[in-house]
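S.K.: Make a model of this:
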Amino acid sequence: MKTLTKHRELIFQDLTARKDHPTAKMVFESVKGKADRISFATVYNSLEYLVEHGLINKLNMESESIRYDAFLENHSHLICRNCGKVYDVPSLSLNTNDVNFDELGFKVDRIDISILGRCLNC
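M.R.: Numbering: from 1, shown residues only. Prediction:
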C-alpha cells in the first residue's frame, strides 16, 4: 500500500475522530477548511481508497448516501429510518452454520448486521 497522501491522512484522521458515520459530503464539509484546495472528488476518491485498503468500512444501509465508519472492531449498527442516525452496538451474531456457503459457491469476506427502526428521539 502506498503511504497516505496529505489529503488522505487528513480525511482518515477526521473519520477516526467521529462517531456519526458520516457521508462523503459530511467529511468534505469537515475537512475543506483544513486543507488547501481539496475538492469533493478528492474526498470521495480518498474515502474509496481507504475502504479498498481496509482502513475504513462502507456501511450497507438503506440510504441515499453511503456512510463510512473508521471503527473497525467487530460491531453492529442500529439505523433510525426516520432521522438517519446510526448507532454502534456490540456485535450481533448470525449462525452461519445454517447456510452452506461453499455449496452455494460463495466465499464470505465479512458479515454486517444492521437493524433498522426508530430512535427514541423520533
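S.K.: what about the strands in this structure?
M.R.: In the chain, the strands defined using DSSP state E lie at 57-59, 67-69, 75-80, 86-90, 114-117.
S.K.: possible to save those strands as JSON lines with distance to Glu29 and mean pLDDT?
M.R.: From N, CA and C alone the C-beta is placed, and that goes for glycine too. Output for the strands of the chain, formatted as JSON lines (distance: least, CB to CB, whole Å; pLDDT from 0 to 100):
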{"stretch": "strand 57-59", "distance to Glu29": "18", "mean pLDDT": "91"}
{"stretch": "strand 67-69", "distance to Glu29": "14", "mean pLDDT": "95"}
{"stretch": "strand 75-80", "distance to Glu29": "21", "mean pLDDT": "92"}
{"stretch": "strand 86-90", "distance to Glu29": "17", "mean pLDDT": "94"}
{"stretch": "strand 114-117", "distance to Glu29": "24", "mean pLDDT": "91"}
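S.K.: Quick one: closest of those strands to Lys6.
M.R.: Of all those, it is strand 67-69 that lies closest to Lys6, at 19.0 Å by CB to CB.
S.K.: Tell me the strands beside the closest one, with direction?
M.R.: Strand 67-69 has its sheet partners listed here by DSSP bridges as strand 57-59 (antiparallel).
S.K.: Give me the residues contacting the partner strand.
M.R.: With CB atoms under 8 Å, 6 or more residues apart in numbering as the test, strand 57-59 has contacts from His21, Val51, Ile66, Arg67, Tyr68, Asp69, Ala70, Leu72, His77, Val86, Asp112, Ser114.
S.K.: Can you verify my assumption that the third one contacts Thr23?
M.R.: Yes. With the criterion set as CB atoms under 8 Å, Ile66 and Thr23 qualify as a contacting pair; they are 6.6 Å apart.
S.K.: So for these two, which residue has more residues nearby?
M.R.: Counting neighbours by other CB atoms under 10 Å for Ile66 and for Thr23 shows that Thr23 has the greater number, 19 against 16.
S.K.: What pLDDT is listed against that one?
M.R.: Thr23 is assigned 94 on the pLDDT scale.
S.K.: pLDDT below threshold where in the chain?
M.R.: Filtered on pLDDT under 70, the chain yields the residue ranges 1-2, 62-63.
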